[in-house]
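**Student:** here you go, sequence then predicted model.
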Amino acid sequence: MIKTTILLGGGASAAEGAPVQSMLFKKYFKELRDKNNYSDVKRVSELCAYFKQIFFIDVLHDDLDTINFPTFEEAIGLLDLAVRKRQSFKDFDLENLAKGSNRIGFIRQYLVLLMAEVLEDKTSDVQGLHRGLVDRLSELDCLTDMIFLSTNYDVLIDQALTSRDDIAVDYGIDFTNYISPVYLQQLNKPIVNLYKVHGSLNWSYCPTCNALKLINYQQGILRLLTDPSQALCATCQSIKTPVIVPPTFFKDMSNSFLNIVWHKTEISLRDTEHLIFCGYSFPDADMHIKYLIKRIQTNRNDRLRITVINNYPGKKQEKIDEEKKRYSRFLGTNILFTNDTFEDFCKQPEKFL
């Protein structure tokens, strides 16, 4: 079997019920208003203030069905860029001793928590597409020939892989509670690589110990941010933080663990002969992924085979044509564009392999 990389984008998670980025805030604030649940007053008031002052949206009173919300990447990307440039927005500061400090940092945490809550709710009763894909690849005896590259924060592919007892999953990095199986000589299991290049909702990071923990339950970062005891590092009692990097032009790649993941990803993909994009629209802003793929495509002696699976019911032709142009202008014309959905791929991956 040839070495194949399956790149999972937001469309793959959307097929399991997760909202696409453009719908994330609408779903969150609609449910907040429907349930009239403002128990976490501080967090809700800060998010309301952020959307009202920065995006001119009154999330508590405006008609949510008609609002053109920013994407999650835009909302959090502004904050990341402000931190990177050491700048502030009016009333949203980084360091202000007179009023307290780092309101930008708190709102970034609240946005991550918002995303975790929505994904927890929308992916808790899934169709099992990711699991079906993994099981089918195992039946075809080619699961260990696959590399999984995910740009998503949710844990759908994690759960699908870790549900099997006959393989070991390698994230490319060591956690305090999960050592990379590559270094466990006594482990007599084939290894499947899973690289999550934008971070994950089941990773928690202690900036003092420079240590990363793998949380083994659904969207674990949700508990990290809501339960004070879970937010403290057991070793040094520092506040742990999520590792979430939005795919913006200005992404902060300073986290040492993410740098290792990207490095391991590139090394592993050098042997890839077939790259399958699933539910990935090849967005302009995700330049780090484009850079990675271009290096894999050009630093080789043979031609990289590329397949795109990104259809869904009701997808408009102009959107299909737009995506084809984005892929073709960057990766060339030797690309197989299918009319299939992620569901089709999960049911019969052998048709595409």
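**Tutor:** Happy to help now that I have it. The model shown is predicted, which means the values in this text are computed figures rather than measured ones.
**Student:** contacts and neighbour counts: CA atoms only from here.
**Tutor:** Fine.
**Student:** regarding the protein, what is its longest strand?
**Tutor:** Ranked by residue count under DSSP state E, the longest strand found in the chain is strand 199-206.
**Student:** dump the C-alpha coordinates for it into CSV.
**Tutor:** In CSV, the C-alpha atoms belonging to strand 199-206 read as follows (Å, rounded to 0.1, in the frame of the first residue of the first chain):
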residue,chain,number,x,y,z
GLY,A,199,-3.5,22.5,18.7
SER,A,200,-6.4,20.6,20.3
LEU,A,201,-9.2,20.9,22.8
ASN,A,202,-7.7,18.0,24.8
TRP,A,203,-4.3,19.5,25.3
SER,A,204,-3.5,21.6,28.4
TYR,A,205,-0.2,23.5,28.7
CYS,A,206,1.7,24.7,31.8
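**Student:** just checking the distance from that strand to the centre of its chain.
**Tutor:** Mean C-alpha position of strand 199-206 versus that of the full chain (CA atoms, centre = their mean, to the nearest Å) differs by 11 Å.
**Student:** that strand - what's its average pLDDT?
**Tutor:** Strand 199-206 carries an average pLDDT of 88.
**Student:** strand partners of it, parallel vs antiparallel please.
**Tutor:** Strands that pair with strand 199-206, judged by DSSP bridges, come out as strand 211-214 (antiparallel), strand 241-244 (antiparallel).
**Student:** those strands: which one's closest to residue 110?
**Tutor:** Nearest of the strands paired with strand 199-206 to residue 110, taken as CA to CA: strand 241-244 at 11.0 Å.
**Student:** got the contact list for the closest one?
**Tutor:** For strand 241-244, the external contacting residues (CA atoms under 8 Å, 6 or more residues apart in numbering) are 112, 153, 198-201, 203-207, 221, 231.
**Student:** what subset of those is buried?
**Tutor:** Neighbour-count burial within these applies to 112, 153, 198-201, 203-206, 221, 231; the criterion is 16 or more other CA atoms under 10 Å.
**Student:** identify the single longest helix in the chain, thanks.
**Tutor:** Longest helix in the chain, counting residues (DSSP state H): helix 103-122.
**Student:** can you pick out the most distant pair from the buried ones among the contacts of strand 241-244?
**Tutor:** Maximum pairwise distance among those (CA to CA): 20.9 Å, between 198 and 231.
**Student:** in the stretch 51-200 of the chain, where is pLDDT below threshold?
**Tutor:** In the predicted model, the stretch 51-200 of the chain carries pLDDT under 70 at residues 95-100, 120-127, 184-186.
**Student:** measure residue 18 to residue 207 for me?
**Tutor:** 30 Å (CA to CA, to the nearest Å).
**Student:** ok, now residue 280?
**Tutor:** Distance from residue 280 to residue 207, by CA to CA: 31 Å.
**Student:** residue 137 is in what secondary structure piece?
**Tutor:** Secondary structure from DSSP states H and E places residue 137 in helix 129-139.
**Student:** may I see the buried residues of that helix?
**Tutor:** Neighbour counts over helix 129-139 (16+ other CA under 10 Å) mark 129-138 as buried.
**Student:** following it, which helix or strand shows up next?
**Tutor:** strand 146-150.
**Student:** contacts for that following strand?
**Tutor:** Strand 146-150 has contacts (CA under 8 Å, 6+ apart) with 3-9, 192-198, 265, 268-269.
**Student:** what about the residue nearest in space to the middle of the chain, distance to residue 273?
**Tutor:** With distances taken as CA atoms, centre = their mean, the chain has residue 152 as the residue nearest its mean C-alpha position (2.2 Å). Per CA to CA, residue 152 is found 23 Å from residue 273.
**Student:** now do residue 318
**Tutor:** 30 Å.
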